[in-house]
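Engineer: Quick one, fold the following:
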Amino acid sequence: MDEQGEHAGDVFAERRDKLATWRDAGDAYPTSYQPRDEIGPLHGAYENLEAGQDAGDVHRIAGRVMARRVHGKLTFVVLKDTSGELQLFAQLDALGEERYAALEHVDLGDFVGAEGTIMRTRRGELSLRLTSWQLLSKSLRPMPEKFHGLTDVETRYRKRYLDLMVNDESREVFVKRARIIRAIREFLDGRGFVEVETPVLQPLYGGALARPFVTHHNELERDLYLRIATELYLKRCIIGGIDRVYEIGKDFRNEGVSFKHNPEFTMLETYEAYVDYNHVMTMVEEMSAAAAGAVGALKVEFRGNEIDLTPPWPRLTMRKAIEQETGIDIGADDARTVADLQAAIKAKGLEGTVPLAPTWGAQVDELFSECVEPKLIQPVFITEHPLETSPFAKKTPHDPRFVERFEGFIAGMELSNAFSELNDPEDQRERFMQQMQDLADGDETAHRLDEDFLEAMEHGMPPTGGLGMGIDRLVMVLTGAPTIRDVVLFPALRS
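Structural biologist: Predicted structure coming up:
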């Protein structure tokens, strides 16, 4: 039984009968209600109106009926729009017997337009003294019980419209999400970045290590892939002469679902010519602070921790981070092969914690993911990742096993990933060939060889700093939402 009540079917039939009555009386679904005042600003405009006073100002409002109670010749109705709620004060003498009686046929969930004068009741409730009203849309199904809210998690995600209807906190999350994205756009636009759009359907997916979703184009008679990243197309823009470029859009990865994973997610990617990953690190912490400021403060509560987003954030190499937590030095001479590294893991008693991996780079990644990542609560940049897991990043000058790459972590989650982008086409081809070998060895997430992208690189690509940032995860942190499903309006769910 869902939260709309045990007798939902009876209510549906009863409301359909009421709708028939409304249709007989006139149009039950008019096309508009204008002019109209937003409810929220009225509370501020009349905050000094004293109890029992009538301002005499005429206003027209509209919204969904959230409550109704009748006291003889007085009826009180609460209307709600996006900006707030306001009580309607309906009197038999003011409306006349016919219009007053018609209020009995108004149900919770109906949309109503109302005109009247602003007043404050003797009990101090700001209200609209009705002079006229109009049904705007009949609700045929009952709402969730208002005062207990919609608490069933499954229903909240599957029927988000009900969640938004009755849970103000949920609706506020998505209002804040819009503000966060707007703040990011303003930040990047202010730095001279150009926002572009690249293909969602791609003949060859790339720019990340992930399994794709496959679809078929009937006219072109070929399979296409939903993009897993926008990287390679944005780099083509850099090659073509747009020195600062970004895109905010959907990516699709055919992988697991968790509190921080959704197969369809929103990603920001930026590319800037003539800078390296150190420059991008500074940009990320400043942009994150700007987004936080757009919806609140730089200190936020998330998953039981107070997170301080104030720049600058610490920088820590992956080698040092792993050594601090496990005592294993992945850069030491006795840890240069996957066998050596797995022997060190066993010697530290971690073989039951850290899954075995086929390559040295993948084993480093498993060691970091299991032993270090969950403990990175405050914002931190982890730099210098293994070459084998970073096919698009430049090697560090002091050790070719590592690359100029960072990931930004908050509360045990990766929020950003950035490189000093590889711009040597011959080195890039070698990386692609290694990825193709990994693919042949059974790694379904390995990157495919992209000859068209290599051809573009062979025309010359300037030094570039690139960034990918998960918008959904950033919104989680800044709104305190515990799971990614709370910040995605319509998340992927099982049948």
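
Engineer: which helices and strands sit right next to the longest strand anywhere in the chain?
Structural biologist: When the chain is scanned for its longest strand (criterion: DSSP state E), the result is strand 54-71. Strand 54-71 is packed against helix 39-45, strand 74-81, strand 84-91, strand 111-120, strand 126-137, with contacts defined by 3 or more Cβ pairs under 8 Å, 6 or more residues apart in numbering; DSSP states H and E. Heads up, the C-betas are built off the backbone N, CA and C, glycines and all.

Engineer: which residues sit against the first one?
Structural biologist: If I follow you right, that is helix 39-45. For helix 39-45, contacts defined as Cβ atoms under 8 Å, 6 or more residues apart in numbering pick out 59, 61, 63, 79-86, 118, 126.

Engineer: How about that helix, which residues are buried there?
Structural biologist: Buried residues in helix 39-45, counted by 16 or more other Cβ atoms under 10 Å: 39, 42.

Engineer: got it, and the longest one?
Structural biologist: Using 16+ other Cβ under 10 Å as the test for burial, strand 126-137 gives 126-130, 133-137.

Engineer: which regions of this protein lie under the pLDDT threshold?
Structural biologist: 1-8, 146-150 (pLDDT under 70).

Engineer: care to break it down by domain?
Structural biologist: Domains of the chain are assigned by automatic domain parsing as 8-143, 166-314+378-486.

Engineer: Glu154 is nearest to which of the ones you listed?
Structural biologist: Glu154 sits nearest to domain 166-314+378-486 of all these, at 10.3 Å, using Cβ to Cβ.

Engineer: The closest one spans what distance, first to last residue?
Structural biologist: Distance across domain 166-314+378-486, first residue to last, is 15 Å (Cα to Cα, to the nearest Å).

Engineer: For the closest residue to Gly412 other than its chain neighbours, the count of nearby residues, please.
Structural biologist: Leaving aside its chain neighbours, Gly412 sits nearest to Pro374 (4.5 Å; criterion: Cβ to Cβ, 6 or more residues apart in numbering). Using other Cβ atoms under 10 Å, Pro374 is surrounded by 13 other residues.

Engineer: can I assume Pro374 is in contact with Glu414?
Structural biologist: No - Pro374 is beyond contact range of Glu414, at 11.5 Å (criterion: Cβ atoms under 8 Å).

Engineer: Report the set of residues contacting both of those two.
Structural biologist: Common neighbours of Pro374 and Glu414, counting by Cβ under 8 Å, 6+ apart, are absent.

Engineer: just to revisit the earlier point, okay, now the sheet partners of the longest strand of the chain, with direction.
Structural biologist: Sheet pairing of strand 54-71 (DSSP bridges) gives strand 74-81 (antiparallel), strand 111-120 (antiparallel).

Engineer: As CSV, those with mean neighbour count and distance to Ile184 would be great.
Structural biologist: Formatted as CSV, these follow (neighbours: other Cβ atoms under 10 Å; distance: least, Cβ to Cβ, whole Å):
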stretch, mean neighbour count, distance to Ile184
strand 74-81, 19, 28
strand 111-120, 21, 34
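
Engineer: So for Asp427, which of those strands sits nearest?
Structural biologist: Per Cβ to Cβ, nearest to Asp427 of the strands paired with strand 54-71: strand 74-81, 57.7 Å.

Engineer: For the closest one, report the contacting residues that lie outside it.
Structural biologist: Outside of strand 74-81, the residues within contact range by Cβ under 8 Å, 6+ apart are 38-40, 61-70, 85-92, 100, 103, 106, 112, 114, 127.

Engineer: Pull out the buried residues from the longest strand of the chain.
Structural biologist: 59-66, 68.

Engineer: Closest one of those residues to Trp22?
Structural biologist: Closest to Trp22, out of all of those and judged by Cβ to Cβ, is Val65, at 13.9 Å.

Engineer: mind checking how far that closest one is from Phe381?
Structural biologist: To Phe381, Val65 is 51 Å away according to Cβ to Cβ, to the nearest Å.

Engineer: Tell me which of the strands paired with strand 54-71 sits nearest to Val284.
Structural biologist: Nearest of the strands paired with strand 54-71 to Val284, taken as Cβ to Cβ: strand 74-81 at 37.2 Å.

Engineer: angle of the closest one against strand 84-91?
Structural biologist: In this structure, strand 74-81 runs at an angle of 160 degrees to strand 84-91, with axes from the mean of the first three to the mean of the last three Cα atoms, to 10 degrees as the basis.

Engineer: need the longest helix for the protein.
Structural biologist: When the chain is parsed with DSSP state H, its longest helix is helix 168-190.

Engineer: What is the neighbour count of the closest residue to Glu231 other than its chain neighbours?
Structural biologist: Spatial nearest neighbour of Glu231, chain neighbours left out: Gly207 (3.0 Å); criterion: Cβ to Cβ, 6+ apart. Neighbourhood size, Gly207 [other Cβ under 10 Å]: 25.

Engineer: Which helix or strand contains Arg23?
Structural biologist: Element membership for Arg23, per DSSP states H and E: helix 8-25.
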